[in-house]
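Peer 1: I need the structure of the sequence given here:
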Amino acid sequence: MKTLLYSHDDAYIRHTVPDGHPERPDRIKALSKALTGTGGLERREAPLCTNAHLSLAHPQTYIDAITSAVPEHGMKALDADTWISPGSIEAAMRAVGASVDAVDQVLSGEAVNAFCVQRPPGHHAEQTRAMGFCLFSTAAIAALHAVENKGLERVAIIDFDVHHGNGTQDVVEKDPRIFYASTHEGGIFPGTGRESETGVGNIFNKPLKHHAGSAEFRMAYEGHIFPAISKFAPQLLILSAGFDAHADDPLASIRLQEEDFAWITERLCALADIHCDGRVVSVLEGGYDLRALSDSAKVHVQTLVKAAQK
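Peer 2: Numbering: from 1, shown residues only. Sure, this is the predicted structure:
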């Protein structure tokens, strides 16, 4: 059994941002280099999604507004953090397209799991608002595709990015078919993700204190999120795989190491084995120190491969 690796370096690199911006094309270049030679992977080109896929999470007025905002040349700011350029819509649509196709392939049995190397990230994009580097709500769209178009009744999204996925939560918080759980550093951007935010009983947030490390991170999952996943008994796991909780990342203060990302991947794959025949689709979110991003994503992928080959 195999692990699929989706990317489209050319398209993702053409999504340009100002010099010094943390969510930069060099992230894709670094990951492409880091994952070269990794065994057990079948590489696939990220396809374009359709408008119907985007409409699962966003109203047409929003999709049209984002598309029409693209400049003919140069770059344009949607807010202080979020930029678009002539290549941005293709990149964002290929990010969504990769996640949707990965769901299709994993549900069909073509692969056990998949990792989508992509940018821009998606978990801050709300139904009607681009923010936090994100244009479309990629992980939420993948989950909605699984329930609306593939007939699943329960899909879980697990988000271990250091920032709370306010966009994902905004899209799914009223849908009991979709479970969303997040660990993130409390008190930083975007300011959401309190434990009191529970949706319709489908939202499980566990904010971590500033400078928290491996012990606190693992305790949040062992004591809070893993039991909730098991109770929900999902038929598919979707991972918002952000690697910016690494100790070397410049945008936060959580102090994880590569082995923590291997651990969370292994444990989530074990839960997937119990509840959903091992089916996991992982999509890249944050991670802005290139060395930490590369090393963390590499162990994440190696762990997915190991889980698929059991």
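
Peer 1: quick one, longest strand in the protein?
Peer 2: With secondary structure taken from DSSP state E, the chain has its longest strand at strand 178-185.

Peer 1: Report the rounded mean pLDDT for that one.
Peer 2: Here strand 178-185 scores 98 as its mean pLDDT.

Peer 1: Run through the neighbouring helices and strands of that strand.
Peer 2: On a contact count with 3 or more Cβ pairs under 8 Å, 6 or more residues apart in numbering; DSSP states H and E, strand 178-185 meets helix 138-148, strand 155-159, helix 166-172, strand 203-208, helix 226-232. From N, CA and C alone the C-beta is placed, and that goes for glycine too.

Peer 1: try 10 Å this time
Peer 2: Counting by 3 or more Cβ pairs under 10 Å, 6 or more residues apart in numbering; DSSP states H and E, the packing neighbours recorded for strand 178-185 are helix 138-148, strand 155-159, helix 166-172, strand 203-208, helix 214-220, helix 226-232, strand 237-241.

Peer 1: neighbouring contacts of stretch 220-229?
Peer 2: Outside stretch 220-229, the residues that touch it by Cβ atoms under 10 Å, 6 or more residues apart in numbering are 156, 158, 160, 179, 181-184, 195, 201-208, 212, 218, 237, 263-264, 267-268, 270-272, 274-275.

Peer 1: Generate a ChimeraX selection restricted to the buried entries among the residues you listed.
Peer 2: Per 16 or more other Cβ atoms under 10 Å, the buried members of these correspond to this ChimeraX selection:
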select :156,158,160,179,181,182,183,184,202,203,204,205,206,207,208,212,218,237,263,264,267,268,271,272,275
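
Peer 1: number of nearby residues for Asn113?
Peer 2: The tally of other residues near Asn113 (other Cβ atoms under 10 Å) stands at 28.

Peer 1: Identify the residue nearest it in space, chain neighbours excluded?
Peer 2: Once flanking residues are discounted, Asn113 sits nearest to Val280: 4.0 Å by Cβ to Cβ, 6 or more residues apart in numbering.

Peer 1: wouldn't the one you found be in contact with Arg267 here?
Peer 2: No: if you go by Cβ atoms under 10 Å, Val280 and Arg267 don't touch, sitting 11.5 Å apart.

Peer 1: for the top helix by length along the chain, the distance to its chain's centre please.
Peer 2: Longest helix in the chain, counting residues (DSSP state H): helix 88-108. Chain-centre distance of helix 88-108: 12 Å, with Cα atoms, centre = their mean, to the nearest Å.

Peer 1: So Phe189: helix, strand or coil?
Peer 2: What DSSP: H, G, I helix; E, B strand; the rest coil gives for Phe189 is coil.

Peer 1: buried set for stretch 245-265?
Peer 2: In stretch 245-265, the ones that count as buried by 16+ other Cβ under 10 Å are 245-249, 251-258, 260-265.

Peer 1: Of the residues you listed, which belong to helices?
Peer 2: Among the buried residues of stretch 245-265, the members falling in helices (DSSP H) are Glu258, Asp260, Phe261, Ala262, Trp263, Ile264, Thr265.

Peer 1: so what's the fifth one closest to, chain neighbours aside?
Peer 2: Once its chain neighbours are removed from consideration, Trp263 has its nearest residue in Arg218; the separation is 6.8 Å (Cβ to Cβ, 6+ apart).

Peer 1: residues contacting Lys310?
Peer 2: Counting by Cβ under 10 Å, 6+ apart, Lys310 touches Met1, Val112, Cys269, Ala270, Asp273, Gly278.

Peer 1: what are the bridge partners for the residue positioned nearest the centre of the chain, then?
Peer 2: When Cα atoms, centre = their mean is applied to the chain, the residue found nearest the centroid is Ser240 (2.7 Å). On the basis of DSSP bridges, Ser240 is bridged to Asp159, Val283.

Peer 1: Look up how far Leu208 lies from it.
Peer 2: Distance of Ser240 to Leu208, computed by Cβ to Cβ, to the nearest Å: 16 Å.

Peer 1: go on, Glu72?
Peer 2: 43 Å.

Peer 1: Check His300 too.
Peer 2: Distance of His300 to Leu208, computed by Cβ to Cβ: 19 Å.

Peer 1: Could you do Asn202 as well?
Peer 2: Taken as Cβ to Cβ, the span from Asn202 to Leu208 is 21 Å.

Peer 1: Could you do Val301 as well?
Peer 2: Val301 is 24 Å from Leu208, where distance means Cβ to Cβ.

Peer 1: The longest strand of the chain versus strand 203-208: what angle between them?
Peer 2: Here the directions of strand 178-185 and strand 203-208 differ by 10 degrees (axes from the mean of the first three to the mean of the last three Cα atoms, to 10 degrees).
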